[in-house]
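Enquirer: Please find the sequence and the predicted model below.
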Amino acid sequence: MDAGDRELFGASLHAVVAVHTGSALDAALDQLGWPEALASDPEAAVSLLFELQGSVAATSSALDRVLLSALGCEPSVGVVLPRLGSWAAPGDVSGEGVSVRGLGTAGLGRCERAVVVAGSWLVDVAVADLALRPVGGLDPELGLVEVTGSAVGAVTRAELSPATWADAVARAQLAVAHELVGVARTMLRLARDHALDRVQFGQPIARFQAVRHRLAESLVAIEAADGALVAAWRDGTPLTAGLAKALAGRGARVTAKHCQQVLAGIGFTTEHDLHRYVRRALVLDHLLGDARTLTHHLGTELLRSRTLPSLLPL
Amino acid sequence: MDLDTFRAGVDRWLDDNAEALAPAGVGHGSLDGAMAQLSKVKRLTFDAGWMRWGWPERVGGLGGSTLLRGYLAEAVTARDLVDAGLYSMTEVLAPTMIDYARPSLAAEMVPLLLRGDETWCQGFSEPGTGSNLASLSCRAARSDDGWIVTGQKVWTSLAQYSQRCVLLTRTGTVESAHRGITALFVDMDTPGITVRPIETMHGREEFCEVFFDDVFVPLDRALGNPGQGWSVAMDLLPFERSTALWQRGAFLHRRLGELLAAAPEGALSPAEVGEVFQQVYAFRARSLTTQHRLAAGERLGAETSVDKVLLATAEQAVFDLAAAGLADEVLLGDDPAAQRWRSEALYSRAASIYGGSAEIQRNIVARRLLDLGVDR
């Protein structure tokens, strides 16, 4: 897409994401041609949709589509996501069949079949053979399901190289990282509006440097994540996707902390929207690897090799 | 000249001339040694043509994208051939001359800076004027054929080595604030200038006090028009936060790699190493976009404060980790390698002070990027 097409596509996405969520958003995205865009220009399709989705705390099955497309599967099936905090394949091939422990988006329950990556296999299973528990948890609106299964029979199975799984995870991490950036930008907007409106000591609290610097700190953290996302698309390796996911997770947490403080009492109530975004940020951070785990893993690798990778040539 | 050809050419040339370019000792030794090394590398790279790419032909350059000079700065830093902070003064001061000096003055002077024949300094801060730059009071009064400068500057990097100074002076009333400032290009050997180096805690006399006592500056040495000095300063700062910082990022990457190689087993925790690498990387990712915007001719502004905050944060994180992981060297060591770690760890404290303090950068982000209105 050139800049003009991109702007147009972004505006169309904005119009549907603003009014739809869940299965209605899935249908609207199909009508808009988002799946075709995902195939032809994944960077534009993923970055535009997921940042918008995060910015209004909408949900969809788009993450499944991203993962399925990277695994070379048709988009009509469901997919089991790695369990919380992890980017390891959710399945294991045991003697009797496949054991499964992972997560799914709300759309999984509406599918007849789902793919589970288990070791070096891409396994096709019947969703009816899996146990799905709708997750309430910290962010019930997100509509995740917990997926378990033991000795699940495979409808079909195909070999999958570890590199394909790593690339698929990378793509999905970028999607969630964009969503986190969208969530964080909305938290910052809510806190900024409040700082300008709220008057104490005869002036808007936005005049106080302590407040200004918290908001500035949030923007720096968001821009760091955003820059890492631009770089990761350019670079295209799992390493930089993981870096972007970690920076987005940390950036959203930093932003949540500062914005919650600036919004103070009202931001602690359910009468204000902030709590929805704080909840979303904390759960999305853990989806496909949280910042803390990714950082520890990265540090372990660096200490093992004792050399730094040279990334992002000018 | 496209970037890939340039990159390959520079890399090959640096390999072929490694011996001639190498510094005399670990960490370039004293400040005198580091300055001599810098001049040597600039002269050799200029004479071989590399240093001239990315600068306009009218000031002795060979033209081409600013990315070319960004890559050269990165390459000589990655190979530890120059001190990044000293080298980057060129990136800050040459663009100012190109944009604001009379064309003939720029054509005469800029090559001297690029080739390492001269060192220039930047006379901005004063004893009473730090973050509030618009309050400066070093006075320039008009005489028949020039300006008479009286006053004092401080934190003037490398003034004791400098042949020229880009000097901000007060030509209006003090109340005229940023409107009454004029930038002058001053020969440092003019009678009436006294330079006193200041010893810093990192062991280098890198900053100076500079005293001006009835110093005559010819009329044609004004940069821009009288009263335009604030624009000169504001246009210079984004360079300080773009090409110069890109090189500093390359320096941090090299030092973090050297720390990883040098730290004893068990001295560094995976969580810390991972996070510090992410910070260095986050700066590089951000700055990469900035370099490409600059090369595309975009006007850089307040958004470069984000780059500066990320760089300062990363620099302090790298050297906090070094101070922890190489505690023996940093705290007790006296060999050149240990002295270098110590000096750099101490200097990293200045990363959130110089070039607009951490607080000023956050004020800019709040005011200009978040549009939070005035703060007082």
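Expert: Great, that's in hand.

Enquirer: dump the residue contacts of A:Ala27.
Expert: A:Ala27 makes contacts with A:His20, as judged by C-beta atoms under 8 Å, 6 or more residues apart in numbering or on different chains. C-beta here means a position set from N, CA and C on the backbone, and glycine is covered the same way.

Enquirer: Am I right that it falls within a helix?
Expert: Yes - membership of A:Ala27 in a helix is supported by DSSP: H, G, I helix; E, B strand; the rest coil.

Enquirer: For it, give me the pLDDT.
Expert: Looking at A:Ala27, its pLDDT reads 97.

Enquirer: Quick check: it vs chain B, distance?
Expert: Distance, A:Ala27 to chain B, using C-beta to the nearest C-beta, to the nearest Å: 36 Å.

Enquirer: I'd assumed B:Phe212 was in a helix, is it?
Expert: No - looking at B:Phe212 with three-state DSSP, it is strand, so not inside a helix.

Enquirer: what's the spacing between it and chain A?
Expert: B:Phe212 is 34 Å from chain A, by C-beta to the nearest C-beta.

Enquirer: Tell me if I'm right that that residue and B:Gly151 touch.
Expert: Yes - using C-beta atoms under 8 Å, B:Phe212 is in contact with B:Gly151, at 5.4 Å.

Enquirer: overlap in contacts of these two?
Expert: Once C-beta under 8 Å, 6+ apart is applied, the residues that B:Phe212 and B:Gly151 both contact turn out to be B:Cys138.

Enquirer: Settle it for me: which of the two has more neighbours?
Expert: Neighbour totals were compared for B:Phe212 and B:Gly151, and B:Phe212 leads with 24 against 20 (other C-beta atoms under 10 Å in any protein chain shown).

Enquirer: In three-state terms, label the closest residue to that one other than its chain neighbours for me.
Expert: Nearest residue to B:Phe212 in three dimensions, chain neighbours excluded: B:Val149, at 4.5 Å (C-beta to C-beta, 6 or more residues apart in numbering or on different chains). Recorded secondary structure, B:Val149: strand (three-state DSSP).

Enquirer: Bridged to B:Val149, which residues?
Expert: B:Ala140, B:Val215 (DSSP bridges).

Enquirer: Spit out the contact partners of it.
Expert: Going by C-beta under 8 Å, 6+ apart, B:Val149 touches B:138-140, B:167, B:169, B:184, B:186, B:192, B:212, B:214-217.

Enquirer: quick one: B:Lys272 from B:Gly356, how far?
Expert: One correction, residue B:272 is Glu, not Lys. Using C-beta to C-beta, to the nearest Å, B:Glu272 is found at 28 Å from B:Gly356.

Enquirer: what about the two, which has more around it?
Expert: Per other C-beta under 10 Å, whichever of B:Glu272 and B:Gly356 has more neighbours is B:Gly356, with 22 against 18.

Enquirer: Does that one touch B:Lys308 like I think?
Expert: Yes - counting by C-beta under 8 Å, B:Gly356 touches B:Lys308, with 6.5 Å between them.

Enquirer: secondary structure class for the closest residue to chain B within the stretch 201-314 of chain A?
Expert: Of all residues in the stretch 201-314 of chain A, A:Gly299 sits closest to chain B, at 3.1 Å by C-beta to the nearest C-beta. Per three-state DSSP, the local secondary structure of A:Gly299 is helix.

Enquirer: Next one, pLDDT for it please.
Expert: Note for A:Gly299: predicted pLDDT of 98.

Enquirer: One more: B:Arg7?
Expert: In this model, B:Arg7 carries a pLDDT of 98.

Enquirer: Next, the contact list for the residue nearest the centre of chain A, please.
Expert: Centroid-nearest residue in chain A: A:Val176, 1.6 Å away (criterion: C-alpha atoms, centre = their mean). A:Val176 is in contact with A:50, A:63, A:245, A:248, A:284, A:287-288, counting by C-beta under 8 Å, 6+ apart.

Enquirer: same thing but at 7 Å, please
Expert: Counting by C-beta atoms under 7 Å, 6 or more residues apart in numbering or on different chains, A:Val176 touches A:63, A:245, A:284, A:287-288.

Enquirer: what ranges do the helices span in the stretch 201-314 of chain A?
Expert: Ranges of helices within the stretch 201-314 of chain A are A:209-235, A:238-267, A:274-286, A:291-305, based on DSSP state H, counting those that start in this stretch.
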